[in-house]
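below is the sequence, then the predicted model.
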There are 2 protein chains.
Amino acid sequence: MAQDKRQVDAITARDVDFAQWYTDVCKKAELIDYTSVKGMFIYRPYGYALWENIQAELDRRFKATGHENVYLPVLIPESLLQKEKDHVEGFAPECAWVTVGGSEKLEDRCAIRPTSETLFCEHYANIIHSWRDLPKLYNQWCSVLRWEKTSRPFLRHREFLWQEGHTMHATAEEAREETMQMLNIYADFMENVLAMPVIKGRKTDKEKFNGAEETYTVECMMHDHKALQAGTSHYFGDGFAKAFDITFTGKDNQPHYPHQTSWGVSTRMIGGIIMTHGDDNGLVLPPRIAPTQAVVIPVAAHKPGVLEAAASLRDRLNAAGVRSKMDDSDNSPGWKFAEYEMKGVPVRVEIGPKDMEKEQCVIARRDTGEKITVALAELESAVKALLDHIHDNLYAMALKNREDNTFDIQTPEEAKAIVEGKGGFLRSKWCGSLECELAMKERAGVSSRCMPLVQSGTEGTCPVCGRKCTTDIYWGVAY
Amino acid sequence: MAQDKRQVDAITARDVDFAQWYTDVCKKAELIDYTSVKGMFIYRPYGYALWENIQAELDRRFKATGHENVYLPVLIPESLLQKEKDHVEGFAPECAWVTVGGSEKLEDRCAIRPTSETLFCEHYANIIHSWRDLPKLYNQWCSVLRWEKTSRPFLRHREFLWQEGHTMHATAEEAREETMQMLNIYADFMENVLAMPVIKGRKTDKEKFNGAEETYTVECMMHDHKALQAGTSHYFGDGFAKAFDITFTGKDNQPHYPHQTSWGVSTRMIGGIIMTHGDDNGLVLPPRIAPTQAVVIPVAAHKPGVLEAAASLRDRLNAAGVRSKMDDSDNSPGWKFAEYEMKGVPVRVEIGPKDMEKEQCVIARRDTGEKITVALAELESAVKALLDHIHDNLYAMALKNREDNTFDIQTPEEAKAIVEGKGGFLRSKWCGSLECELAMKERAGVSSRCMPLVQSGTEGTCPVCGRKCTTDIYWGVAY
Ligand SMILES: [Zn+2]
Ligand SMILES: [Zn+2]
């Protein structure tokens, strides 16, 4: 067997240095590459394929609920960005500015979009006139740019890929329903496709989106017990509509302001997948999003008929709707096993001369490493069932991690001891005051994650001020 | 029947003012909208849906030929753009420049990508080491920005959507094969999906891409007899590889430079669709790319059972794989007929009480206006056959337009008389000199379109210098 210079490099162990483990996996699973521009990354084929699968799943859900895709310009004139006060205060400090176009110095410099509320509002003012023009249910797939000081693959890029939904409705009630509908679509997608359990909740005023009335979030716990805000859905009321002078004539023949939402998820979900499911052998991909769901490895490939048998298994799996490939390169089986473990391929199918004799193959699952022998006749059903089992197991392990590492706390000091120990989500009551929220940051080093939609309804005391209150809230350290 | 304030506005007749007709169609078919930034357009849902269908068709072809999608940054440092001399000379004058990021003035200002050769080369230098790493067959779907002085919907935007393929090969021969393969994929797509006949040819040195050794093109004739360059495929040799120091160790254990291609098509194809097939009633969409292939219109919709019957036809068509919708709004049938003509929907299905009695429906085709009566039992097969007929007819009409308006010319003055009259493609021999090419521009107002891949092999004389030569070439006025 030919020697290949390339080796499957070892990666840092997860429990030794989680941050280094994460960077190793991003690089060695060939998800991402660095560039000469600080904070700008290359989405390599394997990383981009994950995003394509995410896009396809979400886009189908968006369209099934009546949304249409559009594309608006990458540049926003500063004068336009300034129309909504809270919004510009939040975003202007981290914009990249185009000041020269061709040989011409721009009078009104343009930001590369950090988000597109202002552009959508300018467009909506042009196209919304009557109640008949509502609702407008638009979504955009694009990249946005925020000039962050620090960066990290998938989690914090200066430029990242995302989708941004922007909708306009005749009534506040309809807009609120949309806000919740999209939050639920995100939650359903993350749990049933990405195998990531979520807590649905509302953000505090301090943590909400610049310019929004209410921000809702899906929060996930990573393997290291830190929090990832995986998606947000905002209710704007009619604030932007007023700032941008968007009105429509209602059925009552009177002018009204429409009510607005926006909602988005980004490639940081890929960071979430890695940090939720990955292990010391590399990436572990949730089966429903894996670019390759099953890899077929011929064993003793030089023996007569082995390659043909392996190819036939691959073809049968693809025909059954399982995304499959065969690796017939001249690398050793051991090298290949390690390589597809690193890449997180959910199922590995091995076949060699002895298996062929017995009309069977060996199937290994990535999540547990368990191997089973399966009759060739049952290949498709066995692999499909296994993919579902793997999904369920990944979800269950992530949920257990969250449940085992969520703690009820009574004081900021108790919270501090936990986050400075092994970390976790901290659950308490909250009186609703900004002072107490800031005190939790100051005294325990945690930020509020969300007020869960499912509230216990019980009474308790705020850990900071001791006042009696009923609101449940989660605190944590976030990516 | 309720009155609707919205009317189907009249559009300028095609033969009165083709440019105004074009703008009217773009706007009134709701393909595009203007913004406050000059030269930047909004792709509205109907226009973007066309692009999504184009993307799906092309992406499938790219993947079937082994290409992988990636995403590289939107910003290119000026120092990187300068590495290849011809390339930077061509693009730097029309770049938009980011000079400020956050509150920081950039030392090395960044261009918003006008095209991504330089970024791909920087990445390839990082990831190509051995002959085992080749070929690299990458493609990127993104937007690019060129600070044009004039603009026109789809044909010339400062920012437009496109795909750019960038590939690296071990040998020149392989790279040349790739260049031609992608040209052929474009040609096949345009003819068999967009119903746009193309001339495949090579660009002259004057017209080739900045930095390329050879540029190949697919040229289409629009209804007004002008030319549209609808896609290009470039062979770079190893020029960029040398400029960016990309080398690989060959099987001979020696260092070599890889050979490169790039190829791209953009949303200007949508402009091509409009100007090839549209008529005085608006857009005419080639069926294979139409977002809605058949629209079902209930006639006398208030009569019992009509809406249900119409909905059932729509559902049957969708189940048969025909993208269909029903318009059950309270607009009049006449308004709806005009609306879907404007939108270019290939097939209209009408059903009313009398049709229901006779178990039939009426089918109208957008291209000819012809109406036929079809038994309900044959709905699916009739509509599918009609969609193919419409495709064939659109293609045949476009081909006839090109053939009727292509002229062999002997002198620049002959060419001038034609382009100043009704226009057309001008075919002649060409000696190959830049002087004669420039003289054709100066004396006849035409640019070289391409040297067709299918050459007659006969000898003739250059229309400018009169020298004997064999190369066939097309001249024309281009968008
Ligand atoms: Zn308190
Ligand atoms: Zn000549």
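Yes, it's here. Ligands and ions are numbered 1, 2, ... in the order given.

now do the buried residues in the strand or helix carrying A:Ala396.
Here A:Ala396, judged by DSSP states H and E, is contained in helix A:379-404. Across helix A:379-404, burial judged by 16 or more other Cβ atoms under 10 Å in any protein chain shown covers A:379, A:382-384, A:386-387, A:389-391, A:394-395, A:397-398, A:401-402. C-beta: built from backbone N, CA, C; applies to glycine.

so how far is the helix or strand following it from its chain's centroid?
Next helix or strand after helix A:379-404 toward the C-terminus (DSSP H and E): strand A:406-408. With Cα atoms, centre = their mean, to the nearest Å as the basis, strand A:406-408 stands 24 Å off its chain's centre.

looking from ligand 2, tell me which residue of chain A is nearest.
Using Cβ to the ion, the closest approach of chain A to ligand 2 is made by A:Gly102 at 34.2 Å.

surely that residue meets B:Pro93?
Yes: at 6.1 Å, A:Gly102 counts as touching B:Pro93 under the criterion of Cβ atoms under 8 Å.

and these two? which has more neighbours close in?
Set A:Gly102 next to B:Pro93 and count neighbours by other Cβ atoms under 10 Å in any protein chain shown: A:Gly102 wins out with 16 against 12.

contacts only, for the residue lying closest to that one once chain neighbours are set aside.
The shortest distance from A:Gly102 to any non-neighbouring residue, by Cβ to Cβ, 6 or more residues apart in numbering or on different chains, is to B:Trp147 (3.8 Å). For B:Trp147, the contact set (Cβ atoms under 8 Å, 6 or more residues apart in numbering or on different chains) comprises A:Gly101, A:Gly102, A:Glu104, B:Gly39, B:Glu94, B:Cys95, B:Ala96, B:Arg158.

partners of the first one in the sheet?
Note on A:Gly101: beta-bridge partners by DSSP bridges are A:Glu104, B:Ala96.

check it and give its pLDDT.
pLDDT, A:Gly101: 95.

tell me the spacing between A:Lys416 and chain B.
As judged by Cβ to the nearest Cβ, to the nearest Å, A:Lys416 and chain B stand 32 Å apart.

would you agree that residue falls within a strand?
No: A:Lys416: not assigned to a strand; according to DSSP: H, G, I helix; E, B strand; the rest coil it is helix.

let me know whether it touches A:Arg443 as I believe.
Yes: using Cβ under 8 Å, A:Lys416 makes contact with A:Arg443 at a distance of 6.5 Å.

how about the residues of the stretch 351-479 of chain A near chain B?
Applying Cβ under 8 Å from any Cβ of the partner chain, one finds that the stretch 351-479 of chain A does not approach chain B at all.

low-confidence ranges in the stretch 351-479 of chain A?
Within the stretch 351-479 of chain A, no stretch has pLDDT under 70.

what about the helices in it?
Counting by DSSP state H, counting those that start in this stretch, one finds helices in the stretch 351-479 of chain A at the ranges A:353-357, A:379-404, A:412-420, A:434-444.

for ligand 1, which of the ones you listed is the nearest?
Using Cβ to the ion, these put helix A:434-444 closest to ligand 1, at 3.2 Å.

put together a markdown table for the helices of the stretch 351-479 of chain A, with distance to ligand 2 on each row.
Output for those, formatted as a markdown table (distance: least, Cβ to the ion, whole Å):
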| stretch | distance to ligand 2 |
| --- | --- |
| helix A:353-357 | 69 |
| helix A:379-404 | 66 |
| helix A:412-420 | 79 |
| helix A:434-444 | 77 |
